[in-house]
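# Predicted model and sequence below, questions to follow.
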Amino acid sequence: MINILLCGNEKVFDGALTELISITNRTKDSINCYIFTMDLTRIKPEYTAITDMQVQFLNKVVKSKNKENQVQKIDVTKIYEKEFGNGKNETAYCTPYTLLRLLADLVPNMPDKLLYLDIDMMAGDDISKLYNIDITDYEYAAVKEKYGSKIIRWDYINAGMLLLNMKKARETKLFEKARNMLRTRKMLFADQDAIYWQSTKRLILPKKFNNQSSFNNKNTVICHFSKRMLWLPYPRTENYKQWQVEEVHKVLKCHAFDDDLKEYQILKEKFEKGEY
């Protein structure tokens, strides 16, 4: 069993659907996917929790691949409000939902090993190749951040993929220390900064486990559709996600996930028609 953690609100449905399709199409082991969510409409009206119907549909999709697969929703609104409510980093570079992974040690019955994935990722290979890496002596394993490892520090990590040793992290109080940092300091990259600076022992993995630069590399295990810098013909950023199928094809020139995205479009149409 591979334990996966996703986080987000109602709007992450497309990301979760595409990502889980790509994972279950390539991974032989069964998966147990937790989705941390919350209602934060006090900040924005659209900050609503992922719905039960959405989660039920995701669960049906993954079970169609392997009956032992499952997706379960965990509402962490109360925990979030206690730990981060009205805090310094609620309006960080991303939404407050990026902070939810830092609550994993406070949610009962979470497994000792957990693969956290951002919602804008696709599996290019069997993720057991990542999940089965031995991290017994580490709090987590991660890949270097494409830009941060050049600008901030050589081993600065991208927290979009974190292979978490929850047992070790509880012992070192990694998440507790990260939460304390975010309560007292405004951080540029919030959760990512806190995880990096408060960790005591991390394992740096090859970029194929969180590829932030190439969308068609055959060796990629996890492809990250993250924001990227473009310099020509003028400096700008580009931030297309995998569910934006037309842009993925025409702009990113990515065709590595065509079968997955075709399946996503069919399933999304069924969901919108209520055929589930």
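Received the coordinates, thanks.
# CA only for contacts and neighbour counts going forward, please
Will do.
# Who are the contact partners of the residue nearest the centre of the chain?
The C-alpha lying nearest the average C-alpha coordinate of the chain belongs to residue 118 (C-alpha atoms, centre = their mean; 1.7 Å). Taking C-alpha atoms under 8 Å, 6 or more residues apart in numbering as the contact definition, residue 118 lies against 6-7, 160-161.
# Tell me the one of those nearest residue 134?
Each of these was scored against residue 134 by C-alpha to C-alpha, and residue 161 proved nearest at 15.7 Å.
# Can you pull the phi and psi angles for the nearest residue to the closest one once chain neighbours are set aside?
For residue 161, ignoring the flanking residues on the chain, the nearest one in space by C-alpha to C-alpha, 6 or more residues apart in numbering is residue 117 at 4.8 Å. Here the main-chain torsion angles of residue 117 (degrees, to the nearest 10) amount to phi -130, psi 130.
# how close does residue 117 get to residue 214?
Distance, residue 117 to residue 214, using C-alpha to C-alpha, to the nearest Å: 18 Å.
# do residue 58 as well
Taken as C-alpha to C-alpha, the spacing of residue 58 relative to residue 214 amounts to 27 Å.
# Looking at the two now, which is surrounded by more residues?
Here residue 58 and residue 214 are set side by side on neighbour count (other C-alpha atoms under 10 Å), and the busier one is residue 58, at 25 against 15.
# Now do the helix or strand harbouring the more buried one: which elements does it pack against?
Using DSSP states H and E, residue 58 falls within helix 52-65. Taking 3 or more C-alpha pairs under 8 Å, 6 or more residues apart in numbering; DSSP states H and E as contact, the helices and strands that helix 52-65 lies on are helix 13-24, strand 70-75.
# For the last one, which helices and strands make contact with it?
In terms of contact count using 3+ C-alpha pairs under 8 Å, 6+ apart, strand 70-75 is assigned the packing partners strand 31-37, helix 52-65.
# Give me the angle between the helix or strand just after it and strand 31-37.
Per DSSP H and E, the first helix or strand lying C-terminal to strand 70-75 is helix 77-84. In this structure, helix 77-84 runs at an angle of 60 degrees to strand 31-37, with axes from the mean of the first three to the mean of the last three C-alpha atoms, to 10 degrees as the basis.
# what packs against helix 77-84?
With contacts defined as 3+ C-alpha pairs under 8 Å, 6+ apart, helix 77-84 has these neighbours: helix 174-184.
# what's next to the helix it packs on, contact-wise?
Residues contacting helix 174-184 (C-alpha under 8 Å, 6+ apart): 83-84, 87-89, 102-105, 139, 169, 190-191, 194-195, 198-199.
# measure residue 217 to residue 254 for me?
In this structure, residue 217 lies at 10 Å from residue 254, with C-alpha to C-alpha as the measure.
# element containing residue 41?
Secondary structure here is read from DSSP H and E; on that basis residue 41 sits in neither a helix nor a strand.
# can you check residue 265 too?
Assignment of secondary structure by DSSP H and E places residue 265 within helix 258-272.
# tell me how far that helix is from the chain's mean position?
Mean C-alpha position of helix 258-272 versus that of the full chain (C-alpha atoms, centre = their mean, to the nearest Å) differs by 20 Å.
# Put the alpha carbons of that helix into PDB.
C-alpha atoms of helix 258-272 as PDB (Å, rounded to 0.1, in the frame of the first residue of the first chain):
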ATOM      1  CA  ASP A 258      -2.000  12.200 -23.700                       C
ATOM      2  CA  ASP A 259      -3.800   8.900 -22.800                       C
ATOM      3  CA  ASP A 260      -4.200  10.100 -19.200                       C
ATOM      4  CA  LEU A 261      -5.600  13.500 -20.300                       C
ATOM      5  CA  LYS A 262      -8.000  11.900 -22.800                       C
ATOM      6  CA  GLU A 263      -9.300   9.700 -20.000                       C
ATOM      7  CA  TYR A 264      -9.600  12.700 -17.700                       C
ATOM      8  CA  GLN A 265     -11.700  14.600 -20.300                       C
ATOM      9  CA  ILE A 266     -14.100  11.700 -20.600                       C
ATOM     10  CA  LEU A 267     -14.400  11.200 -16.900                       C
ATOM     11  CA  LYS A 268     -14.800  15.000 -16.200                       C
ATOM     12  CA  GLU A 269     -17.700  15.100 -18.700                       C
ATOM     13  CA  LYS A 270     -19.300  12.200 -16.900                       C
ATOM     14  CA  PHE A 271     -18.900  13.900 -13.600                       C
ATOM     15  CA  GLU A 272     -20.400  17.100 -14.900                       C
END
